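Engineer: I would like the atomic coordinates for the input below:
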Amino acid sequence: MKPSVLAGFPEPLAAIAFVNGEEPAWEQKDCQAAIDWLSQNNHAVLGIDLWLVRDGSISTAISTKSGPAIYVSSCDPLKRETWDDYVRRSAKEAGDFVAAFRWPEDSLEPPRTVYFNLCWADREWFRTHKENASHTFDE
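Structural biologist: Have a look, this model is predicted:
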C-alpha cells in the first residue's frame, strides 16, 4: 500500500521512493523526476536532506575525517515573488543541489547509495499555515 504522502504521484515514481513514515526520499538518479513532477503539479520544494539507509535505519550524516558531513538545503519564498516563480525557483535549486552531490573524498566509510528526502507544499498549505509563514501568496 502506497503511503498517503505519495498520493497523486505516478505509480513508477511512487514505487521507487524510499519511505520512512510519511517522508519519502529518492535516489540521486531518480530525484530529478520527483522534483519535476512536484513542479509540474504546482508544489514548491521547501527543503531537502540526504539520507543514508543503514540496516533499516536512517542516518543524515556521512562520517568524514573532518567530522560529520550533513547535506541539507532549504528554499523560502522571496518577498514579492509569485507562487509560480517560487515553484520554478525551488525546483531549480533542488535539482541543482541534488545533482551537485558527490561522496566526500575524506569519507571514513565507503560510498553507497544515498537518498534525498524532499519536503514540499502547495499554495494552499501556505494559506492554511500563514501564521507561521513569512509569505502567504494571497496576491
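
Engineer: can you give me the helices in the chain?
Structural biologist: 11-15, 28-40, 83-100, 123-128 (DSSP state H).

Engineer: Could I get those helices in a markdown table, plus columns for mean pLDDT?
Structural biologist: Formatted as a markdown table, these follow (pLDDT from 0 to 100):
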| stretch | mean pLDDT |
| --- | --- |
| helix 11-15 | 95 |
| helix 28-40 | 97 |
| helix 83-100 | 97 |
| helix 123-128 | 83 |
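
Engineer: do you know which of those helices lies nearest T113?
Structural biologist: helix 28-40 (8.1 Å; C-beta to C-beta). Placement of C-beta: from N, CA and C, glycine included.

Engineer: Can you show me the CA trace of that closest one as PDB?
Structural biologist: Extracted as PDB, the C-alpha positions of helix 28-40 are listed here (Å, rounded to 0.1, in the frame of the first residue of the first chain):
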ATOM      1  CA  GLN A  28      20.000  10.700  -6.600                       C
ATOM      2  CA  LYS A  29      19.400   9.300 -10.100                       C
ATOM      3  CA  ASP A  30      15.600   9.400  -9.600                       C
ATOM      4  CA  CYS A  31      15.300  12.600  -7.600                       C
ATOM      5  CA  GLN A  32      15.000  15.000 -10.500                       C
ATOM      6  CA  ALA A  33      12.000  13.100 -11.800                       C
ATOM      7  CA  ALA A  34      10.300  13.600  -8.400                       C
ATOM      8  CA  ILE A  35      11.200  17.300  -8.400                       C
ATOM      9  CA  ASP A  36       9.900  17.800 -11.900                       C
ATOM     10  CA  TRP A  37       6.600  16.100 -11.000                       C
ATOM     11  CA  LEU A  38       6.200  18.300  -8.000                       C
ATOM     12  CA  SER A  39       6.900  21.400 -10.000                       C
ATOM     13  CA  GLN A  40       4.600  20.400 -12.800                       C
END
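
Engineer: For it, buried residues please.
Structural biologist: 30-32, 34-35, 37-39 (16 or more other C-beta atoms under 10 Å).

Engineer: hang on, isn't V114 packed against W26?
Structural biologist: No. Contact criterion C-beta atoms under 8 Å: V114 and W26 do not qualify, at 10.1 Å.
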